[in-house]
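[1] need a 3D model of the following:
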Amino acid sequence: MKYTANPRVSIIKWATATGVAALMSVSSAAAQESVEVMHWWTSGGEANALNVLKEALESDGIAWEDAAVAGGSGTNALQVLQARVAAGDPPAAMQMHGQQVIEYRDAGLLGDLNELAAAENWDAVMSPDLQNYAKRDGTYVAVPFNMHRHNWMWASKEILDNYGGEMPDTWDAWFEVADEMKADGVLPLAHGGQAWQEFMLWEDIAVGLYGPDFHTRAFVGLDKTTLTSDEMKNVFETFRKVLSYADPNASNRDWNLATAMVIEDQAAFHFMGDWAKGEFIVAEKEADTDYVCAPAPGTDGTFIYLADYWGFFSVRDEEARKAQTEMARMTMDPAVQTEFNIRKGSIPARMDIDAAAFDVCGAAAISDRAEATEQGTMLPSLAQNHAQPREVRGVFEDAITAFANDTSISADDAVQRIVDGLASL
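    Down below sits the predicted model:
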């Protein structure tokens with residue numbers, strides 16, 4: 001049995017109430033000289049990366065009008081965007097994950113980038129997985145500026161070297177070394193107890209325990225037999241065990257602060273997407289010298305991916321449209337893609353970038369993506385808005401968050417919450 005969510009796209013309701021024509025007429029002030037950019041990247045590493053594109057645009061005579069809204073995973077920014085769309089006043093460009101691109105493109109609110117895409121040969125150079133989101137019926141409506149892998153494990157090299165120096169490649173091996181650390185008074189896990197971070201860790205555990213086929217059946221196919229299996233219940237039990245290795249102050253800790261704990265050798269491991277590397281870079285730390293990277297336990301050979309896209313809302317003003325087009329062109333420029341992703345910790349959305357410019361972690365990610373693409377083990381992130389629409393994603397997040405914060409909730413209870421939540425959609 002497979003669950004199927006109702007196609008409830010609330011943006012269409014807003015657009016209907018407001019009038020699509022109002023959205024189509026939007027243009028920013030002094031559009032010929034600026035592009036208003038809404039995003040949620042406000043940490044040091046994120047800002048450092050965005051400066052690459054910002055400076056490239058400004059060198060081309062286009063000012064970056066920043067409309068940042070802080071908050072991991074973009075929850076706060078997307079709420080602000082919803083309000084602005086409803087008011088007929090969207091920004092010229094908006095950072096989006098894959099499912100948000102789908103939602104807004106299906107509402108007919110994003111502009112046509114096909115002429116630029118053809119001129120720049122995006123079909124040949126853009127990751128095929130990302131094209132699935134950037135296009136609608138063969139028409140490009142968004143442009144990706146990176147590709148992230150979220151199943152990464154980061155470690156303090158100083159601490160790890162005291163325990164054999166090897167990154168654990170299974171969860172059993174991780175528990176073994178974590179127990180040794182704990183016995184010595186060393187904190188094994190840097191963790192941020194926020195819903196989206198816990199969701200990502202839970203998804204890593206699911207893939208690490210049961211592999212890519214399990215992920216595809218459960219999180220892409222929503223197969224009820226898989227969702228209610230003993231394996232799924234063990235994912236929850238293992239998740240709770242992993243959380244027990246975090247410190248008591250983890251609740252609501254921002255992700256970059258958890259990364260800083262590894263940077264400062266206050267904790268041994270951190271499970272976070274490759275944007276964590278941007279924080280190491282800002283702190284002037286070097287891979288294999290100050291920190292170590294490896295796929296999360298059990299996930300070697302798989303690539304749980306997500307990407308950030310610019311969605312460009314349709315405008316009638318010709319100068320505003322030209323500014324958007326130039327921003328899209330710059331975003332996919334090979335030099336911008338290279339420098340941006342070196343700073344961000346991610347890898348380029350383009351498949352033709354030379355990995356030699358990247359450090360050991362970045363080069364490994366580029367190589368692993370190529371292998372996973374060939375082997376069919378590229379997995380769209382459920383936690384990071386690629387595998388399912390937000391209504392479906394929300395069902396999983398609610399169950400995971402409740403389980404993580406209430407020890408009276410059993411694994412059976414958590415699974416039932418997912419089943420009931422999906423049935424209510």
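[2] which of the residues in the longest helix out of those in the chain are buried?
    When the chain is parsed with DSSP state H, its longest helix is helix 195-215. For helix 195-215, the neighbour count (16 or more other Cβ atoms under 10 Å) marks 195-212, 214-215 as buried. Bear in mind the C-beta positions are built from the backbone N, C-alpha and C, glycine included.
[3] now it: mean pLDDT?
    Looking at helix 195-215 alone, the average pLDDT works out to 98.
[4] avg pLDDT for the helix or strand following it?
    Once helix 195-215 ends, the next helix or strand along the chain (criterion: DSSP states H and E) is helix 224-227. Across helix 224-227, pLDDT averages out at 98.
[5] check stretch 234-252 too.
    98.
[6] buried stuff in that stretch?
    For stretch 234-252, a neighbour-count test (16+ other Cβ under 10 Å) marks 235, 236, 238, 239, 240, 242, 243, 245, 246, 247, 250 as buried.
[7] in those residues, find the pair that's most separated.
    The widest separation within the buried residues of stretch 234-252, taken as Cβ to Cβ, falls between 235 and 247 and amounts to 23.1 Å.
[8] tell me which residues are up against whichever strand or helix holds residue 322.
    Residue 322 is located in helix 318-332, with elements delineated by DSSP H and E. In this structure, residues lying in contact with helix 318-332 by Cβ atoms under 8 Å, 6 or more residues apart in numbering are 27-28, 31-35, 37, 53, 56-57, 60, 62, 92-93, 111, 113, 116, 120, 122, 125-126, 143-145, 310, 312, 315, 336-337, 349-350.
[9] mind checking which of those residues are buried?
    Among these, those that count as buried by neighbour count (16+ other Cβ under 10 Å) are 27-28, 31, 34-35, 37, 53, 56-57, 62, 92-93, 111, 113, 116, 120, 122, 125-126, 143-145, 310, 312, 315, 336-337, 349-350.
[10] gap between residue 284 and residue 336?
    According to Cβ to Cβ, to the nearest Å, residue 284 stands 23 Å off from residue 336.
[11] same deal with residue 352?
    When distance is defined by Cβ to Cβ, residue 352 is 14 Å away from residue 336.
[12] buried sites along the one helix or strand residue 393 maps to?
    Residue 393 belongs to helix 390-405 when elements are defined using DSSP H and E. Of the residues in helix 390-405, those buried under the neighbour-count criterion (16+ other Cβ under 10 Å) are 390-393, 395-401, 403-404.
[13] this protein: strands as residue ranges?
    Counting by DSSP state E, the chain forms strands over residues 34-39, 63-68, 93-96, 135-136, 139-140, 142-144, 148-149, 152-156, 189-190, 269-271, 291-295, 303-306, 309-312, 378-380, given from the N-terminal end onward.
[14] so which of those is nearest residue 225?
    Taking Cβ to Cβ as the criterion, strand 378-380 is the member of the strands of the chain that comes nearest to residue 225, at 19.3 Å.
[15] can you give me the mean pLDDT across that closest one?
    If you average the pLDDT values across strand 378-380, you get 98.
[16] got it, and stretch 108-127?
    Mean predicted lDDT for stretch 108-127 stands at 96.
[17] endpoints of it, how far apart?
    24 Å (Cα to Cα, to the nearest Å).
[18] contacting residues around it?
    The set of residues external to stretch 108-127 that reach it, using Cβ under 8 Å, 6+ apart, is 11, 15, 20, 23, 85, 90, 101, 104, 131, 134, 138-144, 147, 307, 311-315, 321, 324-325, 328-329, 332, 349-352, 369, 373.
[19] do stretch 275-288 as well
    Applying Cβ under 8 Å, 6+ apart, the set of residues contacting stretch 275-288 from outside is 43-46, 48-49, 148, 152, 154, 157, 255-256, 259-260, 263, 270, 290-291, 293, 342-346, 359-362.
[20] I'd like to know which of these are buried.
    Among the contacts of stretch 275-288, those classed as buried by 16+ other Cβ under 10 Å are 43, 45-46, 48-49, 148, 152, 154, 157, 255-256, 259-260, 263, 270, 290-291, 293, 342-346, 359, 361-362.
[21] out of the residues you listed, which sit inside helices?
    When the buried ones among the contacts of stretch 275-288 are checked against helices using DSSP H, the ones located there are 45-46, 48-49, 157, 255-256, 259-260, 263, 342-344, 361-362.
[22] nearest to residue 72 among these?
    In terms of Cβ to Cβ, no member of these lies closer to residue 72 than residue 255, at 5.5 Å.
[23] residues contacting the closest one?
    With the criterion set at Cβ under 8 Å, 6+ apart, residue 255 makes contact with 43, 72, 192, 194, 197, 272, 276.
[24] mind giving me TSV with those residues and columns for distance to residue 97?
    Putting the contacts of residue 255 into TSV (distance: Cβ to Cβ, whole Å) gives the following:
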residue	distance to residue 97
43	17
72	12
192	19
194	17
197	15
272	16
276	18
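[25] which of those sits closest to residue 170?
    Closest approach to residue 170 among the contacts of residue 255 (Cβ to Cβ): residue 272, at 19.3 Å.
[26] pretty sure that closest one is in contact with residue 200, am I right?
    Yes: with contact defined as Cβ atoms under 8 Å, residue 272 and residue 200 form a contacting pair (7.3 Å).
[27] which neighbours do the two have in common?
    Residues touching both residue 272 and residue 200 (Cβ under 8 Å, 6+ apart): residue 150.
[28] who's in contact with residue 268?
    Applying Cβ under 8 Å, 6+ apart to residue 268 gives the contacts 155-156, 159-160, 163, 178, 181, 186-190, 262.
[29] how about it, phi and psi?
    Here the main-chain torsion angles of residue 268 (degrees, to the nearest 10) amount to phi -80, psi -50.
[30] from residue 359, how far out is it?
    Using Cβ to Cβ, which is the criterion applied here, residue 268 is 21 Å from residue 359.
[31] what's the answer for residue 198, then?
    28 Å.
[32] do residue 239 as well
    In this structure, residue 239 and residue 359 are 30 Å apart, going by Cβ to Cβ.
[33] pop the domain breakdown of this structure in here.
    Taking automatic domain parsing as the domain assignment, the record places the domains of the chain at 10-148+306-375, 149-304+381-423.
[34] end to end, how far does the last one reach?
    The separation between the terminal residues of domain 149-304+381-423, taken as Cα to Cα, is 30 Å.
[35] how far off centre is it?
    Between the centre of domain 149-304+381-423 and the centre of its host chain there is 14 Å, according to Cα atoms, centre = their mean, to the nearest Å.
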